[in-house]
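Q: My questions concern the predicted model and sequence given below.
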Amino acid sequence: MSNPTTAEQLIEVLRQAGVKRIYGVIGDSLNPIVDAVRRAEGIEWILVRNEEAGAFAAAAEAHLTGQLAVCAGSCGPGNTHLIQGLYDAQRSGVPVLALASHIPSTQIGTGFFQETHPERLFVECSHYCELVSQPSQMPRLARVAIQHAVGRGGVAVLVLPGDVLHRESEHPTGENVPLTEKGAVVPPNRQIRELAERLNAANTVTLFCGAGVEGAHVEVMALAAKLHSPVGHSLRGKEWIQYNNRFDVGMSGLLGYGACYDATHQADLLLLLGTDFPYDAFLPQARTVQVDHDATRFGRRTPLDLAVHGDVGATLRAVLPLVEQKSDNGFLERMLREHLKALEHVVEAYSHNIEHHLPIHPEYVARMLDEVAADDAVFTVDTGMCNVWAARYITPTGKRRVIGSFLHGSMANALPHAIGAQLAYPGRQVISMSGDGGLGMLFGELLTVAFHDIPVKIVTFNNSALGMIKLEMMVDGFPSYQTDFAPVDYAAIAKAAGIFSVRVEQPVDVRAALTEAFKHRGPALVDVVTDPNALSMPPHITGEQVKGFALAASKTVLTGGVGQMLELARTNLRNFPVIRALTPA
Ligand SMILES: Cc1ncc(C[n+]2csc(CCOP(=O)(O)OP(=O)(O)O)c2C)c(N)n1
Ligand SMILES: [Mg+2]
């Protein structure tokens, strides 16, 4: 019996690593791989319409499960389409392996049909990108690539000429399952002691949390209770820390709200926990200590008094016994009051006539969505105003997930992210919050959803505009230009693709339409016609920006609401005396 082909060997290694599916579009150089998948047990090919969507889908799967996910593109254009989704995965630090098939190895360098140089192409969006030029490199290189994706957190690319994939393998495949779960990083004792000293010496400490607080809710709450610390978060930290959080002061950044900015600026000490929050202008640039498992991040956003190299959970568990209980909780109380006031202020602007406002206020849609969605729903969020609506209205429960292209910031991510999320979690409600611009950009994926009968729920915020850019132009003092689309009935288009759909033009119909769609067993799309002028403003903008905004948008609604966060803020303050009573003097 002859050995398996190199392609078959590769697929076997992927199966051993727990890979269940490969997203992609076929093409001649990929055929040996697709054929190997066809004959293998427990791994399938998910045919998408654009390789970009395949890469996004793999990114979402990897993001939600923490496990390796795989996408593929055929040589030349099939490769270049992958790039957007791979950048997204790489920036989000999620383990994705891309199988980039390549022109015949004997033609490399001749200007052959569809020739590109994938090893150069993918360098910036991967930790690892290597050419497999002969079967004898396998299966080792497949395992090395997997280890780079999993071990470093991000993208690995295997460049695979079609002829090499066809050839017989030369080495046994083996049973070696590579490492698929990483260990925790624990800081050195000296750093723990110094962290404790600084926390004890400061009168007031604010905690600012990023995605790195995943799994450390209990520890962060315990630290906040000892220090009477306000707890703010970045967009990526929100899903992990805002629920059951009596210290919540909201979010910082361009999409931010509440008292987070003031709490981070007015504290004696700011403790950054697992965050690489990119907007340095929103950080105080002084009195800061950073805890992170990735030592390359220290100090790149702000000068640091101390860097602590460790996972947030492991670090806090080590430091908590050394932290003294503070007695004065006046700073926390002041920040909680300020937070409530800030939220009440925006809600006043938002709530005016909201249930009758035409076109429908997007905030209203987001609020209804929050109410109707399951407790453990996965939300995938398009880049654009949907980011704002998700940040302000989707209430974290500790079980819900909210993912988006939060670091790469690409449009059109939500629908393909939803595809990957739904295939990874078939039983879970997956909701794509799609902008009309985003949906239009990767429209073909509606056909993917219909073809595979993937039961995602797509909610379009159909404002006939590139709304986020409309806002940016106003803030910068530019008149709005090239930001508007002609109205489109996306429900009709979805219906034509075989997807259950509802078009909503009246606010009174929003809730029923969402409820009906969510009950539907297959894929469903709710096309909500929303107001392009419902604009959100960041809590801290520069004088120049205000001037520009005032010039261009004097009649625009300035602020968005904040959904159930107002209730949370009220409850936290109501309970505050209880906290005080429980606190030893
Ligand atoms: C691929 C890509 N192109 C352009 C942009 C710049 N951009 C960011 S948001 C946005 C508008 C998004 O419009 P839409 O999806 O309709 O959402 P809305 O803001 O209207 O809710 C644009 C053009 C981007 N982030 N990504
Ligand atoms: Mg839009």
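A: Done, it's in. Numbers count the residues shown, from 1 in each chain. Ligands and ions are numbered 1, 2, ... in the order given.
Q: Okay, now the unreliable bits of the stretch 401-550 of the chain?
A: Residue ranges of the stretch 401-550 of the chain with pLDDT under 70: 534-550.
Q: Try it again at 80.
A: 474-477, 533-550 (pLDDT under 80).
Q: ok, the closest residue to ligand 1 within the chain - contacts?
A: For the chain, the residue closest to ligand 1 is Gly435, as judged by C-beta to the nearest ligand atom, at 2.1 Å. The C-beta positions use only the backbone N, C-alpha and C, and glycine is treated the same way. Applying C-beta atoms under 8 Å, 6 or more residues apart in numbering to Gly435 gives the contacts 382-386, 411, 414, 460-461, 463, 466-468.
Q: List phi and psi for Asn468.
A: Asn isn't right for residue 468; it's Met. Listed backbone geometry of Met468 is phi -60, psi -40, with angles given as degrees, to the nearest 10.
Q: show me the contacts for the closest residue to it other than its chain neighbours.
A: Spatial nearest neighbour of Met468, chain neighbours left out: Gly384 (4.2 Å); criterion: C-beta to C-beta, 6 or more residues apart in numbering. By C-beta under 8 Å, 6+ apart, the contact list for Gly384 reads 411, 435, 437-438, 466-468.
Q: Can you give me the distance of Gly444 to Val48?
A: Gly444 sits 8 Å away from Val48, going by C-beta to C-beta, to the nearest Å.
Q: And Leu369, by the same measure?
A: 26 Å.
Q: same deal with Ser29?
A: 18 Å.
Q: swap in Thr173?
A: As judged by C-beta to C-beta, Thr173 and Val48 stand 28 Å apart.
Q: Pick out whichever of the two has more residues nearby.
A: Val48 (29 against 19; other C-beta atoms under 10 Å).
Q: The more buried one touches Leu442, doesn't it?
A: No: assessed by C-beta atoms under 8 Å, Val48 is found out of contact with Leu442, at 9.3 Å.
Q: who touches both of the two?
A: By C-beta under 8 Å, 6+ apart, the residues touching both Val48 and Leu442 are Pro416.
Q: burial of the residue nearest to Ile454 when sequence neighbours are not counted, as a residue count?
A: Spatial nearest neighbour of Ile454, chain neighbours left out: Gln422 (5.0 Å); criterion: C-beta to C-beta, 6+ apart. Neighbourhood size, Gln422 [other C-beta under 10 Å]: 27.
Q: go on, Arg39?
A: 8.
Q: Now for it: which residues touch it?
A: Glu8.
Q: same deal with Asp527?
A: By C-beta under 8 Å, 6+ apart, Asp527 lies in contact with 460, 462, 489-491, 494, 501-504.
Q: Show me what it is bridged to.
A: Counting by DSSP bridges, Asp527 forms beta bridges with Thr460, Arg503.
Q: Same check on Ile46?
A: Going by DSSP bridges, Ile46 forms beta bridges with Tyr23.
Q: That one and Ala497, how far apart?
A: Applying C-beta to C-beta to Ile46 and Ala497 gives a distance of 17 Å.
Q: so what pLDDT did Glu344 get?
A: If you check Glu344, the pLDDT there is 82.
Q: Counting by contacts, list what the helix or strand where it lies packs against.
A: Using DSSP states H and E, Glu344 sits in helix 330-351. On a contact count with 3 or more C-beta pairs under 8 Å, 6 or more residues apart in numbering; DSSP states H and E, helix 330-351 meets strand 248-251, helix 260-266, helix 565-574, helix 576-582.
Q: Tell me, how many residues neighbour Glu194?
A: 18.
Q: Tell me if I'm right that it and Ala307 touch.
A: No: checked against C-beta under 8 Å, the pair Glu194 and Ala307 is beyond contact range at 10.0 Å.
Q: Give me the phi and psi angles of the closest residue to Cys386 other than its chain neighbours.
A: Nearest non-adjacent residue to Cys386, counting by C-beta to C-beta, 6+ apart: Met433, 4.4 Å away. When read as degrees, to the nearest 10, the backbone of Met433 gives phi -90, psi 100.
Q: Tell me what Met433 is bridged to.
A: Beta-bridge partners of Met433, as defined by DSSP bridges: Val381, Val459.
Q: show me the contacts for it.
A: Contacts of Met433 by C-beta under 8 Å, 6+ apart are 366, 369, 379-382, 386, 389-390, 414, 459, 461.
Q: Equivalent analysis for Ala142, please.
A: Contacts of Ala142 by C-beta under 8 Å, 6+ apart are 9-10, 13-14, 158.
Q: cool, Gly93 as well?
A: 153-154.
Q: Lys399 too?
A: Counted by C-beta under 8 Å, 6+ apart, Lys399 has contacts 375-376.
Q: and it, that's in a helix?
A: No: counting by DSSP: H, G, I helix; E, B strand; the rest coil, Lys399 is not part of a helix but coil.
Q: And it, how far from ligand 2?
A: Separation of Lys399 from ligand 2 (C-beta to the ion, to the nearest Å): 29 Å.
Q: ditto for Asp294
A: Relative to ligand 2, and taking C-beta to the ion, Asp294 is found at 35 Å.
Q: With Phe298 instead?
A: For Phe298 relative to ligand 2 (C-beta to the ion), the value is 38 Å.
Q: That residue: neighbour count?
A: So Phe298, with other C-beta under 10 Å, has 17 neighbours.
Q: Tell me how the protein divides into domains.
A: 6-166, 189-338+573-582, 362-558 (automatic domain parsing).
Q: mean pLDDT for those: which is lowest?
A: domain 362-558 (a mean of 89).
Q: What segments of the stretch 351-500 of the chain are helices?
A: 362-372, 385-393, 414-424, 436-441, 445-452, 467-475, 490-496 (DSSP state H, counting those that start in this stretch).
Q: Just the CA atoms of the shortest one, as CSV, please.
A: The reference is to helix 436-441. Taking Å, rounded to 0.1, in the frame of the first residue of the first chain, the C-alpha atoms of helix 436-441 are listed here in CSV:
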residue,chain,number,x,y,z
ASP,A,436,-26.1,48.0,5.8
GLY,A,437,-22.7,49.0,4.5
GLY,A,438,-21.1,45.9,6.1
LEU,A,439,-23.8,43.6,4.9
GLY,A,440,-23.4,45.0,1.3
MET,A,441,-19.7,44.4,1.5
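Q: Check which helices and strands it sits against.
A: helix 414-424, strand 457-462.
Q: Buried residues, the last one. List them.
A: Same thing as strand 457-462. Neighbour counts over strand 457-462 (16 or more other C-beta atoms under 10 Å) mark 457-462 as buried.
Q: These: which two are farthest apart?
A: Lys457 and Asn462 (15.2 Å; C-beta to C-beta).
Q: Over in the stretch 201-350 of the chain, which residue gets nearest ligand 2? Let me know.
A: Leu255 (16.0 Å; C-beta to the ion).
Q: What count of nearby residues applies to that residue?
A: Neighbour tally, Leu255, other C-beta under 10 Å: 20.
Q: before we move on, what about Cys209?
A: Cys209, neighbours per other C-beta under 10 Å, totals 29.
Q: what bridges to it?
A: Under the criterion used (DSSP bridges), Cys209 bridges to His233, Leu273.
Q: For Cys129, give its distance to ligand 2.
A: Distance from Cys129 to ligand 2, by C-beta to the ion: 35 Å.
Q: Tell me how far that residue lies from Ile108.
A: 15 Å.
Q: now swap in Asn189 and tell me
A: Counting by C-beta to C-beta, the gap from Asn189 to Ile108 is 53 Å.
Q: same question, Gly162
A: Taking C-beta to C-beta, one finds Gly162 at 12 Å from Ile108.
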